[in-house]
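In: With the input below, show me the fold.
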Amino acid sequence: MKKKRMIAVMLTAAMAATMFTGCKTKAPESESTESKADSGKKVLTFNTNSWAAPQNVPGLQELFDQWEEENNAELEITIGTDDYLPKLLQDINADNVADICMVDGSNLAEVDKTGAMVSLDQWFTEEKRAEHYPYAAEGSMVDGEAKAVWFHGGLWNLYYREDILKEAGYDAPPKDWDELLEMGKKLTVDEDGDGVIDQYGLGIPAFPDAVTSCTLLPWFWGHGEGAELTDGKEKVIFGEGKSFDAMLDTMQFIQKLIDEKIVAEDIASVKFTDVEANFVGGQTAMAILGNWHYPLMKDSGGEEFISKVGIADIPAVPGQEPCTTAGGWTLAMFTDDPEQQELAWSFIDFYRSVEVQTLFTRIGQMSSLLEVYEQDEFKNDPVWQAYSQGLYAAKPRDAVAFYSAADESFKEIVQSAATGETDLEGVIKEEAEKAQAAAKALFSTGA
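Out: Here you go, the predicted model:
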């Protein structure tokens, strides 16, 4: 492992981040690892997330076994933790990181600042990148080099109960904020007249985690060109100009949804899992959720429930086009040994194959590999076609080394709006200054 250039501020910012999946370093050398080496087989260490672990993806272990046999190798797999980013940065600094590790797409630039990620230019060529969605191909690049394979995708949509909307007199879901306000009021009902709302018009999360950011950023971005958290380089811009106006407008709209009782007044503590449960349970007529929620809702709600569910674009800012977030995970390489790098790339290339990516997509984790959606099981499914087409217009989060700091500030602003803060302008300005200070500290180290 080459010498790492660890930056203290990166760890500080990362430790503050609350992420929902993660990556963990390999365990110390064990007897099993030694026996693998003694057997003459090459050992490849791989850190993955729990949702992508072989025991949680039907058929994946069999494909892993096949790769091991074909490459005379054995995989040493560990499962991620919730604090994956700070743990990964610590392990890089300690020269104790696995050969391959999952990295959230929004954190690639931050992890690359350590100098630990290996360039994949010689393997992940432009031709291979073109096999993935444009956002994933572009997102795999850091400062002009391919530094990871963005294999995983995800987007957010509006889910709605077709039967409930029809009963309220609506044939289609809301297309923009104005329609959402109008329909949301009518869909919020106190069925028994006891003063307690039994069904809200819309379910959204505001709990400070990564999924909340992905859910609500589309409303901020949706104000059009110029509405960005950062300039994509070294500057935080949501505290000034059009970005400030877009941020303020978004937060005021969220407060209006609360004031009009279209969303629950306690959304500051509502997580995305609560949004799903409330939608399935009939406590909301509409909800903004990720694509992976669909198979989960199908399992928990049953065929009768899912037959009544419609999927549409997130209601847009009036006068603007709808927008959604492109989430996703990547595979990055961390070994300096040339022979081990060849083995690592063999696994990464195998991992992004249509065989492996189909397994992930079947459980609701969208692949960024375009060929997956050309198969009949997805091509003939209108839900998956809607998702696969939606990813073309989806927007990834800012590819900057200080994204964690900007994201923390966004979540703080959302919390302020959700708890009724009256001085939103002041909060936005303050959070922009905090995020800019983190960015300045990062770049002033010369890393």
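In: For the stretch 51-200 of the chain, just list every one of the helices.
Out: Taking DSSP state H, counting those that start in this stretch as the criterion, the stretch 51-200 of the chain contains helices spanning 60-70, 84-93, 108-112, 126-129, 134-139, 162-167, 177-187.
In: for the stretch 251-400 of the chain, that is, sorry about that
Out: Per DSSP H, counting those that start in this stretch, the stretch 251-400 of the chain carries helices over the ranges 272-280, 293-306, 338-351, 354-362, 376-379, 382-390.
In: Ok, which of the helices of the stretch 51-200 of the chain comes nearest residue 434?
Out: Shortest distance between residue 434 and the helices of the stretch 51-200 of the chain, using C-beta to C-beta, is found for helix 108-112: 16.6 Å. C-beta coordinates here come from the backbone N, C-alpha and C atoms, glycine included.
In: what packs against that closest one?
Out: Based on contacts counted as 3 or more C-beta pairs under 8 Å, 6 or more residues apart in numbering; DSSP states H and E, the elements that helix 108-112 packs against are helix 84-93, strand 141-142, strand 329-333, helix 403-418.
In: Out of these, flag the one nearest residue 375.
Out: The closest approach between residue 375 and any of the helices and strands packed on helix 108-112, judged by C-beta to C-beta, belongs to strand 329-333 at 21.6 Å.
In: quick one: buried residues of the closest one?
Out: Neighbour counts using 16 or more other C-beta atoms under 10 Å place 329, 330, 331, 332, 333 of strand 329-333 among the buried residues.
In: any idea how far the third one lies from residue 195?
Out: The one in question is residue 331. Counting by C-beta to C-beta, to the nearest Å, the gap from residue 331 to residue 195 is 53 Å.
In: Also residue 393?
Out: Residue 393 sits 42 Å away from residue 195 when distances are taken as C-beta to C-beta.
In: try residue 240
Out: For residue 240, the distance to residue 195 (C-beta to C-beta) stands at 44 Å.
In: For the residue nearest to residue 438 when sequence neighbours are not counted, give me its contacts.
Out: For residue 438, ignoring the flanking residues on the chain, the nearest one in space by C-beta to C-beta, 6 or more residues apart in numbering is residue 405 at 3.5 Å. If you count contacts by C-beta atoms under 8 Å, 6 or more residues apart in numbering, residue 405 has them with 13, 434, 435, 438, 439.
In: My guess is the fourth one contacts residue 402. True?
Out: Yes. In terms of C-beta atoms under 8 Å, residue 438 counts as a neighbour of residue 402; the distance is 5.4 Å.
In: who's more crowded, those two?
Out: Using other C-beta atoms under 10 Å as the criterion, residue 438 and residue 402 rank with residue 402 on top: 28 against 22.
In: Hmm, that one is touching residue 113, no?
Out: No. Counting by C-beta under 8 Å, no contact exists between residue 402 and residue 113, whose distance comes to 9.1 Å.
In: Need the residues touching each of these two.
Out: The overlap between the contact sets of residue 402 and residue 113 (C-beta under 8 Å, 6+ apart) consists of residue 442.
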